[in-house]
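Asker: okay, here's the prediction I keep looking at, along with the sequence it came from:
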Amino acid sequence: MNKVQPSSPIEVSVFITVYNHGKYLRQCLDSLVSQITNFNFEIVVGEDCSPDDSRSIVIEYASKYPALIKALLWEKNQGTKECPGKGNFTQTFYQCKGKYIVYIEGDDYLTDNYKLQKQYDFLNAHPESSACFHNAIMSYEDGSDMGQKFINPPDQKDKIYPEDLLTQKEVWFMATASVMFRRNLIGEKFPEWFLKSKSGDIPIYILLANQGYIGYIPDVMCVYRRHQGGLSYTDSNYSEVFIKNRLFMYSNIDKELNFKYTHLIKPILGEYYLLMANVFKLKNQSLASLYFAIISLYLTKPNNSEHLKFVLQSFIFPETFMKVYANVKWKIETLFTKKGS
């Protein structure tokens, strides 16, 4: 724990969102109160009316570490039906006093007692950076038997810019708990569109990187748990609600960045429109599927031949037409093959 005088200003705020994390929460909190720093930091915990024992654990730790832990015990769930965790995220963030911010979900934990100090020193030494992140362990607890692996490869870039976060949809190479960012770059309030976006990490990192690179520290200093309970990317590919929300989010990111990266965002939107085309194809709504497929082709142009062929065959030309076309093509090829022999 930090040994700084209580009267010193809070330099770093670690905020935690908790919902049904009782199984993991003690390990998370223990890893935070064990941090060794030469500055004051605070731990702000937003407990979102969990049905398990999460709240009693938060109360226990807040009582044990009153100078360090601030417990926000909401009387009713802060989320909405569309974005169930976003309300707890934003309301807890708004209570943070630190110059630098670290966000941790209640099921992840730190593995290095000097994590906060290392990132604090990095940001102080690199004023041109907006944030920094470090390597982490991905711990699979979803029944996949994949064990553990490092999130970042040995050749991970040391400076991240918006272009690196807009190479494709769902770019993810920063463990949530690995990021420390400058509070002043977010402002007093998040943009209104952010509050309606299901994702928190993606837009925040893009907005930060637009104001200064995000630096990389190769040290492994936390564990990101992956387990059952959330909507997986595989499932989300078939969710109309999820896809619409991603289209909404990236369209607003484009506006927020003054259309500077439209050339990178358009293909991402195209990928989501293609997913939408597939959703309606599965519903046997061929006209809607055709409409979204054409939009996808427009947004992803110029299209490579394989992508164009896939979209045409899968969504634009009726399946019966393609079967007839394939049969006629085969007969013509067979006929000419016989004549040439």
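Answerer: Cool, got the structure. Residues are numbered from 1 along each chain as shown.
Asker: enumerate every residue touching the most centrally placed residue in the chain.
Answerer: Centroid check for the chain by Cα atoms, centre = their mean gives D201 as the closest residue, at 3.8 Å. If you count contacts by Cβ atoms under 8 Å, 6 or more residues apart in numbering, D201 has them with W172, M174, T176. C-beta here means a position set from N, CA and C on the backbone, and glycine is covered the same way.
Asker: go with 10 Å
Answerer: Y103, L165, W172, M174, A175, T176, V179 (Cβ atoms under 10 Å, 6 or more residues apart in numbering).
Asker: likewise for D121?
Answerer: D121 neighbours (Cβ under 10 Å, 6+ apart): T37, N38, F39, Y114, C132, I217.
Asker: do I have it right that L32 meets F41?
Answerer: Yes - using Cβ atoms under 10 Å as the test, L32 is close enough to F41 to be in contact (8.8 Å).
Asker: which neighbours do these two share?
Answerer: M1, V14, L68, V102, L116.
Asker: and the second one, which of the three is it?
Answerer: Spelled out, that is V14. strand (DSSP: H, G, I helix; E, B strand; the rest coil).
Asker: what secondary structure does the closest residue to it other than its chain neighbours sit in?
Answerer: Nearest non-adjacent residue to V14, counting by Cβ to Cβ, 6 or more residues apart in numbering: V102, 4.6 Å away. Here V102 is strand, with the state taken from three-state DSSP.
Asker: sketch out the low-pLDDT regions of the stretch 51-200 of the chain for me.
Answerer: Within the stretch 51-200 of the chain, the ranges that satisfy pLDDT under 70 run 79, 81, 84, 142-147.
Asker: typed the wrong thing, it's the stretch 201-341 of the chain
Answerer: Judged by pLDDT under 70, the stretches of the stretch 201-341 of the chain that qualify are 227-235, 318-333, 335-341.
Asker: enumerate every residue touching the closest residue to Y100 other than its chain neighbours.
Answerer: The shortest distance from Y100 to any non-neighbouring residue, by Cβ to Cβ, 6+ apart, is to V12 (4.8 Å). V12 is in contact with 2, 35, 37, 39-43, 96-102, 116-117, 119-120, 123, 180, 183, counting by Cβ under 10 Å, 6+ apart.
Asker: the residue nearest to V14 against T37, yeah?
Answerer: No - judged on Cβ under 10 Å, V102 makes no contact with T37 at a distance of 11.9 Å.
Asker: what touches both of those two?
Answerer: Joint contacts of V102 and T37 (Cβ under 10 Å, 6+ apart) are V12, K115, L116, Y120.
Asker: the second one reaches F133, doesn't it?
Answerer: No - with contact taken as Cβ under 10 Å, K115 and F133 are classed as non-touching, separated by 11.1 Å.
Asker: which neighbours do the two share?
Answerer: A177, S178, M180, I217, M221, C222.
Asker: my read: F39 touches I10, true?
Answerer: Yes - between F39 and I10 a contact is recorded at 8.3 Å, counting by Cβ under 10 Å.
Asker: out of these two, which sits in the more crowded spot?
Answerer: F39 (19 against 16; other Cβ atoms under 10 Å).
Asker: find the nearest non-adjacent residue to that one, please.
Answerer: F39 sits nearest to E11 (Cβ to Cβ, 6+ apart), 4.0 Å away.
Asker: okay, that neighbour: pLDDT?
Answerer: For E11, the pLDDT comes out at 98.
Asker: okay then, goodbye and thanks.
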